[in-house]
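>>> predicted coordinates and the sequence they were generated for:
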Amino acid sequence: MKAMILAAGRGERLRPLTDNMPKPMVPVLGKPLIVYHIEKLAALGIVDIVINHAWLGHKLVEALGDGSAFGVRIRYSAEESALETGGGIKRALPLLCEGKAMNPFWSLMVMCLSMPYRQSRSLLPIRSPICG
């Protein structure tokens, strides 16, 4: 099972915090927001993660690296400018769909990790007819 964390947004509503850092790196209780997502995925046994990035994305890559510090494997889908949700997922499909055709994957936004796992499981994973 793979997961994609959508992290390419500019974070306009968080300005000026996001003027110099990508939105997912904004600290919450001393830890970058995206780290909560990565840790939750690892706890659920999902260790193959794709993260898309645009605004200051190099800072995400520098901070998170290959994911080994969190016990996961992170790969990145770089976007010159944010492609929005559908465009970001489409661009990342080669990373999400490698291996067998019709591989299911999770697509995560903040809402998905704030609900109990059994509720989110009924919504996801999604099978992408585009894979394969």
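Right, received. Where do you want to start?
>>> what does the nearest residue to Ile5 once chain neighbours are set aside show for phi and psi?
Closest residue to Ile5 apart from its sequence neighbours, by C-beta to C-beta, 6 or more residues apart in numbering: Ile51 at 4.7 Å. Glycine gets a C-beta too; all of them are placed from N, C-alpha and C. Ile51 adopts backbone torsions of phi -120, psi 120, taken as degrees, to the nearest 10.
>>> and if you look at Gly65?
Here is the backbone geometry of Gly65 (degrees, to the nearest 10): phi 60, psi -140.
>>> pLDDT below threshold where in this structure?
For the chain, residues meeting the criterion pLDDT under 70 lie at 85-86, 98-132.
>>> what residues of stretch 31-51 count as buried?
32-38, 40-41, 46-51 (16 or more other C-beta atoms under 10 Å).
>>> centre of the chain versus it, how much separation?
Here stretch 31-51 is found 8 Å from its chain centre; the criterion is C-alpha atoms, centre = their mean, to the nearest Å.
>>> hang on, the earlier thing: among the buried residues of stretch 31-51, which are in strands?
Assigned to strands by DSSP state E, the following of the buried residues of stretch 31-51 qualify: 32, 48-51.
>>> shouldn't Glu80 be in contact with Ala54?
Yes - if you go by C-beta atoms under 8 Å, Glu80 and Ala54 touch, sitting 7.0 Å apart.
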